[in-house]
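>>> No sequence on hand, only this structure:
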Ligand code: VG1
Ligand code: CO
């Protein structure tokens, strides 16, 4: 095999502490930008004995430039000595499916090509990240090592070879490396069959139950069609926008109430289906809407935790749960009642990995519409819908009834997230710095009629390996459990995005009927006042309210 050594210079742009690289396609397509990152990953993770005998999994969400990027990754993997690369047919693997394939095939790790919920197309975003042998995003010590390599890289190894045929299932050779194109959905469907009672779900659909699943022209289409329509017998048309398109049909594959408005409107109509759901670009997020009722992701996590035993995989109960710090405390109340531990981690799925690997938790989730379990090491959109379906099948109640009963039992965590997108980075940084500077003076003060119990910059010590992650979000916690949290997004590609998370607990069911924004009005006003958001950014309101 002829290995070509291409001299290169360090690249800028990987944010330390993030699991990969997310940039405009135009940036990725320039010169050796992608190759630099891929080589940096291999330099950082290479075992002392090299990659001989090891398997790498590669797949993406089908966005613009996916196929080109995969061809390049394959050549670099061959030159770096991998024995085998597994690629999903057509270059497709949803993020949870990639996690599943890595685990199922005992791979060394995988490269996932996706910018998740960010828009695609020639002017859109692209991304790549490395997942380890457990199927999960690389932990911080690995991403730190990758980052260090991106600053020091001098050479890329690649081979000169023709493009492989990604449409044909089977084995091809790239130099001395075996390239296997695999069915992109088969392993994943097999895993779902083990976790859920497909016969019971088939019976649910046979009884006339209606689901509307919006794949948002992104990667979950093939998975959703295979599972909901073919395996479970839901009528065709259950999956809408089900063909992955390179530009996601010009849309923004982010399953929130703004970008999944079509689904929201369908679910609020008089003849709405029983359950509505949507997933994002790479298939790891989920939006859940029952007929006439939106279920906030933090509540969905709590409801799934409270009802998981209705699915065979979780019938024996759950070991524990975890949520990211800005996620509402709804799941904490379920854990307390069940007598299982609840962990509070920083934002990002990689922080759940150790807890899942150690068997300390079974379910976990984030307010950003990510829910998952120990079945893979990524959040999983289709899985969340299957768990909801299992619960609806077992309880024979509507989503509304389940939600109302849940809130009556556990109380309700009113919760909202306000996003201010594409702010000038210096303005966003100055704003959070000013809040950080004020935090020490806030403890003990009374604001909006509540006493501040805690005001700090969240820092996390991993209970499994003791590693410490600092600066994970500014939080102001009141003695009644209400909270205001400020964080800057780590996944945006233009300017800075400020996220403000606001929460209040209401234990009294008779006061549960309120609109969320009304229920939180005084805290929303306080959040603006404390950070001077309108004054500093010039924005009169957030771009996205969830
Ligand atoms: C966002 C979400 C976070 C999620 C991350 C990756 O990060 O808030 O909860 O883990 O996206 O999700 P940030 O830093 O922009 O707030 V995905 O669907 O892009 O893999
Ligand atoms: Co995603």
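Here it is on my side, so go on. Here the structure is a predicted model, which is why all the values come from computation and not from measurement. Numbering: from 1, shown residues only. Ligands and ions are numbered 1, 2, ... in the order given.
>>> Next to ligand 2, which bits of the stretch 151-300 of the chain? Give me the list.
280, 282, 284 (Cβ under 5 Å from the ion). From N, CA and C alone the C-beta is placed, and that goes for glycine too.
>>> Can you tell me which of these end up in strands?
Judged by DSSP state E, these include no members of strands.
>>> Quick one, which of those residues are buried?
With burial judged by 16 or more other Cβ atoms under 10 Å, the buried subset of these is 280, 282, 284.
>>> does the nearest residue to the first one once chain neighbours are set aside sit in a helix, a strand or a coil?
So that's residue 280. Excluding the flanking residues, the one nearest residue 280 by Cβ to Cβ, 6 or more residues apart in numbering is residue 117, at 4.1 Å. Put simply, residue 117 is coil when judged by DSSP: H, G, I helix; E, B strand; the rest coil.
>>> for residue 85, same thing?
Criterion first, three-state DSSP; result for residue 85: strand.
>>> Tell me who's in contact with residue 323.
Counting by Cβ atoms under 8 Å, 6 or more residues apart in numbering, residue 323 makes contact with 298, 301, 331, 332, 342, 343, 344, 345, 364, 365, 366, 367.
>>> Give me the distance between whichever residue of the stretch 51-200 of the chain sits closest to ligand 2 and residue 256.
In the stretch 51-200 of the chain, no residue comes nearer to ligand 2 than residue 116, which is 3.2 Å away by Cβ to the ion. Distance of residue 116 to residue 256, computed by Cβ to Cβ, to the nearest Å: 13 Å.
>>> Could you pick out the buried ones from the contacts of residue 323?
Buried by 16+ other Cβ under 10 Å: 298, 301, 331, 332, 342, 343, 345, 364, 365, 366, 367, out of those.
>>> mind showing which ranges of the protein have poor pLDDT?
Counting by pLDDT under 70, the chain has low-confidence residues at 13-19.
>>> Mark out where each domain of it begins and ends.
3-184, 188-410, 412-545 (automatic domain parsing).
>>> ok, is the first one in contact with ligand 1 or not?
Right, the one you point to is domain 3-184. Yes - contact of domain 3-184 with ligand 1 (Cβ under 6 Å from any ligand atom) involves 116, 117.
>>> Between its first and last residues, how far does that domain reach?
30 Å (Cα to Cα, to the nearest Å).
>>> how far out from the middle of the chain is that domain?
The chain centroid and the centroid of domain 3-184 are separated by 19 Å under Cα atoms, centre = their mean, to the nearest Å.
>>> And stretch 461-474, by the same measure?
With Cα atoms, centre = their mean, you get 19 Å for stretch 461-474.
>>> Same question for that stretch: list its buried residues.
Going by neighbour count (16+ other Cβ under 10 Å), the buried part of stretch 461-474 is 462, 469, 472, 473, 474.
>>> Please, where are all the strands along the stretch 251-400 of the chain?
Assignment of strands within the stretch 251-400 of the chain using DSSP state E, counting those that start in this stretch yields the ranges 275-278, 287-290, 293-295, 321-324, 342-345, 363-366, 370-373.
>>> Of these, which is nearest residue 36?
Closest of the strands of the stretch 251-400 of the chain to residue 36 is strand 370-373, at 29.1 Å (criterion: Cβ to Cβ).
>>> can you give me the helices in the stretch 101-250 of the chain?
Under the criterion DSSP state H, counting those that start in this stretch, the stretch 101-250 of the chain contains helices at 140-152, 186-195, 198-206, 220-224.
>>> do you know how far the residue of the stretch 301-450 of the chain found nearest ligand 1 is from residue 385?
Here the stretch 301-450 of the chain gets closest to ligand 1 at one residue, residue 368, 3.5 Å apart by Cβ to the nearest ligand atom. From residue 368 across to residue 385, the span is 17 Å (Cβ to Cβ).
>>> residues in this structure within reach of ligand 2, list them.
So the chain meets ligand 2 at 116, 280, 282, 284 (Cβ under 5 Å from the ion).
>>> make it 8 Å
95, 114, 116, 117, 280, 281, 282, 283, 284, 285, 370, 379 (Cβ under 8 Å from the ion).
>>> which among the residues you listed gets closest to ligand 1?
residue 116 (2.9 Å).
>>> longest single helix anywhere in the chain?
helix 425-442 (DSSP state H).
>>> Return the list of helices and strands in contact with that one.
strand 450-457, strand 474-478, strand 483-488, strand 496-506, helix 521-531, helix 533-537 (3 or more Cβ pairs under 8 Å, 6 or more residues apart in numbering; DSSP states H and E).
>>> next helix or strand past it?
strand 446-447 (DSSP states H and E).
>>> who does that next one pair up with?
Using DSSP bridges, the strands paired with strand 446-447 are strand 450-457 (antiparallel).
>>> before we move on, the earlier item: mind listing what the residue nearest to residue 280 touches?
Residue 117 neighbours (Cβ under 8 Å, 6+ apart): 252, 253, 254, 255, 280, 281, 282, 285.
>>> quick one: the first one and residue 196, what's the gap?
Look at residue 252 and residue 196: by Cβ to Cβ, they are 30 Å apart.
>>> okay, these two: which has more neighbours?
The residue with more neighbours, out of residue 252 and residue 196, is residue 196; 24 against 18, by other Cβ atoms under 10 Å.
>>> how about the residues of the stretch 201-350 of the chain near ligand 1?
280, 284, 285, 324, 347, 348, 349.
>>> count of neighbours near the residue lying closest to residue 408 once chain neighbours are set aside?
With Cβ to Cβ, 6+ apart as the criterion, residue 408 has its nearest non-adjacent residue at 4.8 Å, and that residue is residue 509. The tally of other residues near residue 509 (other Cβ under 10 Å) stands at 13.
>>> same deal with residue 145?
Neighbour count for residue 145, taken as other Cβ under 10 Å: 15.
>>> got it, and residue 340?
18.
>>> With residue 190 instead?
Around residue 190 sit 11 other residues, with neighbours defined as other Cβ under 10 Å.
>>> Show me the helices in the stretch 301-450 of the chain, by range?
Ranges of helices within the stretch 301-450 of the chain are 330-338, 353-357, 381-395, 399-410, 425-442, based on DSSP H, counting those that start in this stretch.
>>> Quick one: the helices and strands packed on helix 425-442 as TSV, columns for distance to residue 202 too.
Shown next, in TSV, are the helices and strands packed on helix 425-442 (distance: least, Cβ to Cβ, whole Å):
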stretch	distance to residue 202
strand 450-457	49
strand 474-478	45
strand 483-488	42
strand 496-506	39
helix 521-531	45
helix 533-537	50
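>>> can you map out the strands along the stretch 101-250 of the chain?
In the stretch 101-250 of the chain, the strands defined using DSSP E, counting those that start in this stretch lie at 109-113, 125-131, 155-159, 170-174, 177-182, 211-214, 239-240.
>>> can you put the ones you listed in TSV and add mean neighbour count?
Listed next are these as TSV, based on neighbours: other Cβ atoms under 10 Å:
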stretch	mean neighbour count
strand 109-113	26
strand 125-131	26
strand 155-159	19
strand 170-174	14
strand 177-182	19
strand 211-214	26
strand 239-240	20
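>>> For those, give me JSON lines that also has distance to residue 498.
Below are the strands of the stretch 101-250 of the chain laid out as JSON lines (distance: least, Cβ to Cβ, whole Å):
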{"stretch": "strand 109-113", "distance to residue 498": "27"}
{"stretch": "strand 125-131", "distance to residue 498": "19"}
{"stretch": "strand 155-159", "distance to residue 498": "37"}
{"stretch": "strand 170-174", "distance to residue 498": "45"}
{"stretch": "strand 177-182", "distance to residue 498": "41"}
{"stretch": "strand 211-214", "distance to residue 498": "28"}
{"stretch": "strand 239-240", "distance to residue 498": "33"}
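>>> what angle sits between whatever helix or strand residue 34 lives in and strand 125-131?
Element membership for residue 34 (DSSP H and E) is helix 33-45. Helix 33-45 and strand 125-131 are oriented at 10 degrees to each other (axes from the mean of the first three to the mean of the last three Cα atoms, to 10 degrees).
>>> Report the inter-axis angle for the helix or strand just after helix 33-45 versus strand 177-182.
Following helix 33-45 in sequence order, the next helix or strand is strand 55-60 (DSSP H and E). On the basis of the same axes, to 10 degrees, strand 55-60 is oriented at 50 degrees to strand 177-182.
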